[in-house]
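**Student:** Requesting a structural model of the entry that follows:
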Amino acid sequence: MTASVACVVPALNAQSTLAEVCRGLRCAVPRAVVLVVDDGSADATSAVARACADVVIRFERNRGKGAALRAGITEALAREADLVVTIDADGQHDPAYAPHLLAALDDADLAIGARARSGTMPLGRRLTNTLASVAVGRLTGVDVVDAQSGFRAMRRAVLLAVQATGDRYEYETDFLIRALRAGYRIASVPVPTVYGAPSNFRRMRDSVRVVRAIWRHRAGAST
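**Tutor:** Here you go, the predicted structure:
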């Protein structure tokens, strides 16, 4: 039996890049349901989503990437998806690599698109990415190449079992730590490092949220 796939795309003010991401997913994973969550965008993101996605969830106000992912994943599970891909709407992930992440689930429960920390990745993101990956690895005892990548593929069982907290970028870090501590298997799949379109990641504020999420787990482990 062929596994059913859903692609969850959290989107904020992504009118210029969203359609290309959806088209890329259609080509890469033709059988997948494409589900866009518009996180309170102030531009035409919702209109673009309605034209290119199978399902659109619209937040009337911005609630954060974590909240958007949670809503999209909940909808994907309600639609009986066996496998779920998450990918950002800003064009900084190449949808053509989605099949590689899905294939990695043959031997893993969670696959992460691992970006090279090359010159194309801004210096500040390289630093926070490295520190977060090292910290998550030490907390879980599992080697993590790219803890902050939003390009992931996950099995249904992991998504049902792991209840991550946080409404913004810390959600993905919290999810990863909880999944690894629960014994779920991870695979790192090399993907291109693409930058150009502006990211909604706010370097200081969101980095602090990620650090707090890691620290909560560290503090919990030491008590």
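
**Student:** got the residue ranges for the helices in this protein?
**Tutor:** For the chain, the helices defined by DSSP state H cover 18-28, 45-52, 65-78, 98-104, 123-140, 156-161, 170-181, 203-222.

**Student:** State the distance from the residue lying closest to residue 163 once chain neighbours are set aside to residue 161.
**Tutor:** Closest residue to residue 163 apart from its sequence neighbours, by Cβ to Cβ, 6 or more residues apart in numbering: residue 178 at 7.5 Å. Backbone N, C-alpha and C define where each C-beta goes, glycine included. For residue 178, the distance to residue 161 equals 9 Å [Cβ to Cβ, to the nearest Å].

**Student:** the more surrounded of these two?
**Tutor:** Counting neighbours by other Cβ atoms under 10 Å for residue 178 and for residue 161 shows that residue 178 has the greater number, 18 against 13.

**Student:** didn't the more buried one look like it was pressed against residue 158?
**Tutor:** No - applying Cβ atoms under 8 Å, one finds residue 178 not in contact with residue 158, separated by 9.6 Å.

**Student:** quick one: which of the helices of the chain is nearest residue 39?
**Tutor:** For those, the distance to residue 39 is smallest for helix 65-78, at 4.4 Å, taking Cβ to Cβ.

**Student:** helices or strands up against the closest one?
**Tutor:** When contacts are defined as 3 or more Cβ pairs under 8 Å, 6 or more residues apart in numbering; DSSP states H and E, helix 65-78 packs onto strand 5-11, strand 33-39, strand 55-59, strand 83-86, helix 156-161, helix 170-181.

**Student:** Could you rerun that using 6 Å?
**Tutor:** Judged by 3 or more Cβ pairs under 6 Å, 6 or more residues apart in numbering; DSSP states H and E, helix 65-78 is in contact with strand 5-11, strand 33-39.

**Student:** next one: phi and psi at residue 15?
**Tutor:** Dihedral pair for residue 15: phi -60, psi -30, per degrees, to the nearest 10.

**Student:** could you dump the helices of the chain to CSV with distance to residue 58 and mean pLDDT?
**Tutor:** Listed next are those as CSV, based on distance: least, Cβ to Cβ, whole Å; pLDDT from 0 to 100:
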stretch, distance to residue 58, mean pLDDT
helix 18-28, 13, 98
helix 45-52, 5, 98
helix 65-78, 10, 97
helix 98-104, 24, 98
helix 123-140, 29, 69
helix 156-161, 22, 98
helix 170-181, 19, 93
helix 203-222, 23, 58
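
**Student:** can you tell which of those helices is closest to residue 84?
**Tutor:** Set against residue 84 and scored by Cβ to Cβ, the helices of the chain come closest in helix 65-78, at 5.0 Å.
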